[in-house]
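Asker: mind folding the following:
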Amino acid sequence: MTKKQANEGNFIKFLGTAGARFVMIKQLRSSGGIWLKYNKTNILIDPGPGSIIRCNAARPKLNPESLDAIMLTHKHLDHSGDINVMIEAMTGGGIKKRGVLFLPQDALGSEGVVLPYLQNCVERITILKKSNFCIKNIKFSVPTLNDHSVLTYGLKFKLGKDIVSFVSDTRYFKEISEIYKDSTILILNTVLYERKENCKHLCLDDALKIIKEIKPKKTILTHFGMSMLKARTHILEKKIANDLGLTIQCAYDGLTQRIPLSGHQ
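Answerer: Residues are numbered from 1 along each chain as shown. Got it, this is the predicted structure:
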């Protein structure tokens, strides 16, 4: 098998691109989360409502029983609505004790989102915090605590020569570009078209500021709220990519990003 053939099975698939509650509730975009596959390791990030449906509807189909880990960046329902059904699916209906669950501390317990009986079905539960982690052959880190209304973490994956960063829900803070400056693929949750006071989400101007400072090889904007959808993301994509002279894409449901990036073997 050539190196190119070996890499063809590595991808990031956007099962959903809905951000915030109203787009999720109306299902104007799916809220199924993101599936990462690298070197035969499968990880599901933020399985919001409809994740199990999107996995089964994917072409080719994504088999939840092949998952090695499920990760929650935070416990809000648009990120965690299908966490329990996906744990059940990963463990073959709870029969096979397998898979690792990564999540913030407040996603467990009396105000958490994971049912107690399912917590015993997984092989291990790992609490996210600012640290380095490993799942099979994938190394990743939590570089910082985000500025959000519940415990929320970003994720940085070292995938060959690529550093793939998922900047989950957060208000803009001045250190963010420095934290993610080595990203080759930058995935930004961009809920708002315009900034709203006391709303702890990135707006488009925040996202563009980060992109200009980091200059990643590719940026993917996702997790869109109503205002971003009304601004027509496919039109925004062309304008901001031309203005910045960088590779920027607004994600759509079902988007697949191959890893490594072309020319970055």
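Asker: quick check: what element follows the helix or strand of the chain with the lowest mean pLDDT along the chain?
Answerer: Least confident helix or strand of the chain, by mean pLDDT, DSSP states H and E, is helix 3-7 with a mean of 41. Downstream of helix 3-7, the first helix or strand assigned by DSSP states H and E is strand 11-14.
Asker: can you pull out the strands in this protein?
Answerer: In the chain, the segments counted as strands under DSSP state E are 11-14, 34-38, 41-45, 69-71, 100-103, 124-127, 131-135, 138-142, 155-159, 162-167, 185-189, 218-222, 248-250, 256-258.
Asker: tally of neighbours for residue 86?
Answerer: 24 (other CB atoms under 10 Å). Placement of C-beta: from N, CA and C, glycine included.
Asker: so where's this structure uncertain?
Answerer: 1-8, 262-265 (pLDDT under 70).
Asker: for it, what spans make up the helices?
Answerer: 3-7, 20-26, 51-57, 77-80, 83-90, 116-119, 176-179, 204-214, 226-230, 233-244 (DSSP state H).
Asker: in the second one, what's buried?
Answerer: For helix 20-26, a neighbour-count test (16 or more other CB atoms under 10 Å) marks 20, 23, 24 as buried.
Asker: relative to residue 206, how far out is residue 197?
Answerer: 13 Å (CB to CB, to the nearest Å).
Asker: can you pull the contacts of residue 211?
Answerer: With contact set as CB atoms under 8 Å, 6 or more residues apart in numbering, residue 211 has these partners: 186, 188, 219, 244, 246, 248.
Asker: if we go to 10 Å?
Answerer: 177, 186, 188, 219, 221, 240, 241, 244, 246, 248 (CB atoms under 10 Å, 6 or more residues apart in numbering).
Asker: check residue 146 too.
Answerer: 73-74, 152-154, 167-171, 173, 176, 189, 200.
Asker: do residue 175 as well
Answerer: Here residue 175 is in contact with 143, 144 (criterion: CB under 10 Å, 6+ apart).
Asker: right, I'll call it a day here.
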